[in-house]
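Novice: next come a sequence and a model predicted from it.
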Amino acid sequence: MQPLATNFIIWQFLRPRISCALSVLPLGLMFSAFVPLFMLLEPLGRAMGIPHGAPVKGQPNGWLWLTLFLATMVTLMLAGAALGWLANALIARVVFRWPANKVHDAFLYSQVPDTWYREAAEAGANAVASKRVNAWATTRQQGKWHFVATRGVLGWGSPMFFGMSVVPVLVHRVQPSLGYFISQLLIWAIAGALFGFAIWHFSERQFQKQHREAEP
């Protein structure tokens, strides 16, 4: 089974209109997870004896707070993304009236319609599938750590750091301090690395499966 939500190899070959439409609900619900997350920050800090506005670094329960924060953040974001993909499947079934087996194949096995591919009209589905394998083969040659650093920490963690840590300072919602920025950098670097590892794991697993299927 290759769920479309985690089939990262296929995404670069989808038509932009299709990939954007599929991303709206999962990304929207994933980032909406920060609303309840921020509501939990102050009660969690009080429960662990961390003063309001104080940097987590140096606090007796600072590392425990950081661990719980990351675990809660990842859980809520994954739940939001899963709900978004469930909504996509429901829209395909109810609004576009896809048969149940077509919804099942597309969202659980990545057997999407050929018209979703950018090059389907010229090359056909088999050629597109071959290009997907070749694209990841090139990417994986650069190494896992390079991928995690560029796609995870820099590609995902740094925008999240800016949006969730720098912007609150710019709008005067958070009092900046060296400890604050260090703790936020650590949080989003770890979160970005975990995100990069997840993408690498799923993409590598899909690559190995497709490579085995392509062997004579």
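Specialist: It's in.
Novice: what is the mean pLDDT for stretch 7-26?
Specialist: The average pLDDT within stretch 7-26 is 87.
Novice: correction: stretch 154-173
Specialist: pLDDT averaged over stretch 154-173 gives 80.
Novice: buried residues in that stretch?
Specialist: Within stretch 154-173, the residues that count as buried by 16 or more other C-beta atoms under 10 Å are 155, 156, 157, 160, 161, 164, 165, 168. The C-beta positions use only the backbone N, C-alpha and C, and glycine is treated the same way.
Novice: out of those residues, which are inside helices?
Specialist: 160, 161, 168 (DSSP state H).
Novice: thinking the second one is in contact with residue 185, fair?
Specialist: Yes: using C-beta atoms under 8 Å, residue 161 and residue 185 qualify as a contacting pair, with a distance of 6.5 Å.
Novice: related to what we said a few turns ago, adding distance to residue 43, write the ones in helices among the buried residues of stretch 154-173 out as CSV.
Specialist: Conversion of these to CSV gives the following (distance: C-beta to C-beta, whole Å):
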residue, distance to residue 43
160, 22
161, 24
168, 18
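Novice: run through who's touching the one helix or strand residue 102 maps to.
Specialist: Remark: residue 102 resides in helix 100-109, with elements defined by DSSP states H and E. Residues from elsewhere that reach helix 100-109, judged by C-beta atoms under 8 Å, 6 or more residues apart in numbering: 1-5, 85, 88-89, 92-93, 98, 111-113.
Novice: and those residues, which of them are buried?
Specialist: 2, 4, 5, 85, 88, 89, 92, 93, 98, 112.
Novice: the fourth one and residue 203, how far apart?
Specialist: Pointing back at residue 85 there. 17 Å (C-beta to C-beta, to the nearest Å).
Novice: the last one now?
Specialist: Plainly put, residue 112 is 17 Å away from residue 203 if you go by C-beta to C-beta.
Novice: go on, the first one?
Specialist: Going from residue 2 to residue 203 by C-beta to C-beta gives 11 Å.
Novice: what's the helix or strand for residue 78?
Specialist: Per DSSP H and E: helix 62-94 holds residue 78.
Novice: any idea how far that helix is from the chain center?
Specialist: 9 Å (C-alpha atoms, centre = their mean, to the nearest Å).
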